[in-house]
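Colleague: Show me how the following folds:
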Amino acid sequence: MTTLTLAKALNEGLRRSMEDDSKVLVMGEDVGKLGGVFRVTDGLQKDFGEDRVIDTPLAESGIVGTAIGLALRGYRPVCEIQFDGFVFPAADQIITQLAKMPLRSLGALKLPVVVRIPCGGGIGAVEHHSESPEAHFTHTGGLRVVACSNPADAYTMIQEAVRCDDPVIFFEPKRRYWDKAEVDLAAPGLPLDQARIVRPGRDLTLFAYGPMVKTCLEAAAAAEEEGRDLEVVDLRSLNPLDMGVLVDSVQRTGRCVVVHEAPVFTGFGAELAARISETCFYHLEAPVLRVGGFSTPYPPSRLEEYYLPDLDRVLDAVDRSFAF
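Modeller: Numbering: from 1, shown residues only. This next block holds a predicted model:
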């Protein structure tokens, strides 16, 4: 076992992928000499060279477009989008080409491209640096969308994503980059599309992913003091969803709260709430509730603590669920 931060776990996972397959490339703004703004790619260019760790111009559409061309020639590019709000210039390439080309070719063309996106707030950053754009990509057929929440998953999930023949949008919770945990570098991880029960419980299920998993674990620990036993499920994969694990959990607990940083209105939680309501209707003791951000642009850093869902807002939803 090795103690790693989430950022270092991603670094080790990328390193292992590049050692295992010479066709794996890393590309993005400042990923080489600087090692990325969060140092996720630190040291990779020194060890693998400038032909495999490529500092690109500040042009997200060009980064993803070039990666598509490289993938068509047999490479496995890993693109870093420096901040979540910077992904939108690449939306044309991701949505109209990366997601659709494999189906357009009836599967003849593979596009094993990973697009890494640091997501969410909590770091006191300026505008365009704290977005949660996952719903844009889960709504786009042809993309796998995943989110890691801890160092152990970060290490295995990035390797699974690189090995995947489908295009993968890989969300990384930037305010958790410095969280440390024990990582077994030899242990296999869960399949990329499998959810994980990170805290078993019997009274209510909390669904979360990325940065909110830790918040939900803290809420569950606080609720335990009031005699409530909450189950916390880390979705890990947003598209496809591991409905087997999710349905089984809700059928056991009878209550469900979905938590994410993104605005609640038409957020990813709406799809999850709808699916749980459809499949678990006769097991539910209360409506599926959602906790998330407000339907506004992300605020200035001095207001982000008010904007971001926290332990109190999660526990308030738990109380409302039990009130039914």
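Colleague: chain center to stretch 160-175, what's the gap?
Modeller: Distance of stretch 160-175 from its chain centroid, counting by C-alpha atoms, centre = their mean, to the nearest Å, is 8 Å.
Colleague: quick one: buried residues of that stretch?
Modeller: 160-164, 166-175 (16 or more other C-beta atoms under 10 Å). C-beta: built from backbone N, CA, C; applies to glycine.
Colleague: So which of these sit within helices?
Modeller: Secondary structure assignment by DSSP state H places 160-163 of those in helices.
Colleague: Contact partners for residue 246?
Modeller: Contact analysis of residue 246 by C-beta atoms under 8 Å, 6 or more residues apart in numbering lists 195, 207, 233, 235, 272, 275-276.
Colleague: can you tell me which of the residues you listed are in strands?
Modeller: 207, 233 (DSSP state E).
Colleague: Any chance of a ChimeraX selection covering the buried ones in the contacts of residue 246?
Modeller: Written as a ChimeraX command, the selection of buried residues from the contacts of residue 246, which uses 16+ other C-beta under 10 Å, is:
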select :195,207,233,235,272,276
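Colleague: Is the residue nearest to residue 279 when sequence neighbours are not counted in a helix, a strand, or coil?
Modeller: Nearest residue to residue 279, sequence neighbours excluded (C-beta to C-beta, 6 or more residues apart in numbering): residue 247, at 5.2 Å. Three-state call for residue 247 (DSSP: H, G, I helix; E, B strand; the rest coil): helix.
Colleague: Touching, residue 247 and residue 277? I think so.
Modeller: No. If you go by C-beta atoms under 8 Å, residue 247 and residue 277 don't touch, sitting 11.3 Å apart.
Colleague: average pLDDT for the lengthiest strand in the chain?
Modeller: Counting residues, the longest strand found in the chain (DSSP E) is strand 256-263. Averaging pLDDT along strand 256-263 yields 97.
Colleague: Output the contacting helices and strands for it.
Modeller: Applying 3 or more C-beta pairs under 8 Å, 6 or more residues apart in numbering; DSSP states H and E, we find strand 256-263 packed against helix 134-138, strand 204-208, helix 212-224, helix 268-279, strand 289-293, helix 311-323.
Colleague: who does that strand pair up with?
Modeller: strand 204-208 (parallel), strand 289-293 (parallel) (DSSP bridges).
Colleague: could you dump these to JSON lines with distance to residue 148 and mean pLDDT?
Modeller: Below are those laid out as JSON lines (distance: least, C-beta to C-beta, whole Å; pLDDT from 0 to 100):
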{"stretch": "strand 204-208", "distance to residue 148": "12", "mean pLDDT": "98"}
{"stretch": "strand 289-293", "distance to residue 148": "19", "mean pLDDT": "97"}
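Colleague: Nearest approach to residue 117 belongs to which of the ones you listed?
Modeller: Proximity to residue 117 (C-beta to C-beta) singles out strand 289-293 among the strands paired with strand 256-263, at 16.8 Å.
Colleague: just checking, next helix/strand downstream of that closest one?
Modeller: helix 304-307 (DSSP states H and E).
Colleague: quick one: the helices in the stretch 51-200 of the chain?
Modeller: 60-72, 91, 101-104, 134-138, 151-163 (DSSP state H, counting those that start in this stretch).
Colleague: How far does the third one sit from its chain's centre?
Modeller: Which is helix 101-104. 24 Å.
Colleague: now the angle from the longest strand of the chain to helix 268-279?
Modeller: Counting by axes from the mean of the first three to the mean of the last three C-alpha atoms, to 10 degrees, strand 256-263 points 160 degrees away from the direction of helix 268-279.
Colleague: what angle do strand 256-263 and helix 311-323 make?
Modeller: Interaxial angle of strand 256-263 relative to helix 311-323 (the same axes, to 10 degrees): 140 degrees.
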